[in-house]
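>>> Sharing a model that was predicted from the sequence below.
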Amino acid sequence: MKVKLTFTEPLLGTLAGNKEVASEFILAKNPKGMAGDEENSLPTEERLEKSSTIFPRDEKGNVFLWDYQLKGFFKEACEAMIRSESMTKEELKKFGLTLYLYKKTIDQLVFVMPRKIILKLARNSVITVCERPLRGQTMKGERISLARSEEMPVGTTIEFEVKCLNEKLYPFIEQWLTYGALKGTGQWRNSGKGRFDWKKIK
């Protein structure tokens with residue numbers, strides 16, 4: 001199943017711009033640390049800022065998403081589908097998509113390719129920066145900080161392939177992709193950032 005996404009709202013980068021922060025985060029998730037291609041995808045020091053989130057770059061300077069970022073979106077969309085109760089627990093259990101099984105099912109049976117999914121800018125558009133305040137409750141009261149992210153403009157597209165070891169999961173994947181028009185992906189998606197339309201391609 002080959003898919004093209006067109007972003008209808010700006011997409012924000014999710015990778016920590018500071019190499020130490022990025023590697024510490026990945027190390028917390030994966031004791032083996034960053035893979036070589038993950039570490040090499042970080043921008044050079046001149047483009048790093050501690051409070052920024054960015055997009056990785058390949059050796060040619062192309063901006064891209066990692067395959068696992070889309071699998072992460074599928075998991076979030078699948079959880080929303082489960083909680084919507086549009087299907088009963090018994091129906092979902094047949095596909096391994098209950099609240100306790102869906103992550104394992106997606107990890108083991110759903111694959112996104114290629115590993116690096118190039119983000120293609122719309123004509124005459126450029127990468128910009130989105131800055132916004134973040135509010136948080138702490139022991140000392142409300143604190144406000146500034147978040148800064150690279151931003152891909154409306155009209156940016158990506159193309160990738162989804163393969164399922166269980167063909168009965170394809171209708172669910174289509175449903176999850178449709179959810180992207182509502183929720184979006186990437187940083188600050190609760191505000192509507194990263195929303196997209198999708199279509200199958202040959």
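Done, it's in.
>>> Going by C-alpha atoms from here, please, whenever you check contacts or count neighbours.
Will do.
>>> same for the helix or strand containing residue 80, what does it pack against?
Secondary structure from DSSP states H and E places residue 80 in helix 67-84. The helices and strands touching helix 67-84, judged by 3 or more C-alpha pairs under 8 Å, 6 or more residues apart in numbering; DSSP states H and E, are helix 102-109, strand 110-113, helix 170-179.
>>> Same list, those, but as TSV with mean pLDDT please.
Output for those, formatted as TSV (pLDDT from 0 to 100):
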stretch	mean pLDDT
helix 102-109	98
strand 110-113	98
helix 170-179	97
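>>> so which of those comes closest to residue 198?
Nearest to residue 198, of all the helices and strands packed on helix 67-84, is helix 170-179, at 6.9 Å by C-alpha to C-alpha.
>>> Moving C-terminal from the closest one, which element do we reach first?
Following helix 170-179 in sequence order, the next helix or strand is strand 196-201 (DSSP H and E).
>>> buried sites along that next one?
196-198 (16 or more other C-alpha atoms under 10 Å).
>>> Kindly reformat these as a markdown table containing pLDDT and distance to residue 88.
Below are the buried residues of strand 196-201 laid out as a markdown table (pLDDT from 0 to 100; distance: C-alpha to C-alpha, whole Å):
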| residue | pLDDT | distance to residue 88 |
| --- | --- | --- |
| 196 | 98 | 28 |
| 197 | 98 | 27 |
| 198 | 98 | 27 |
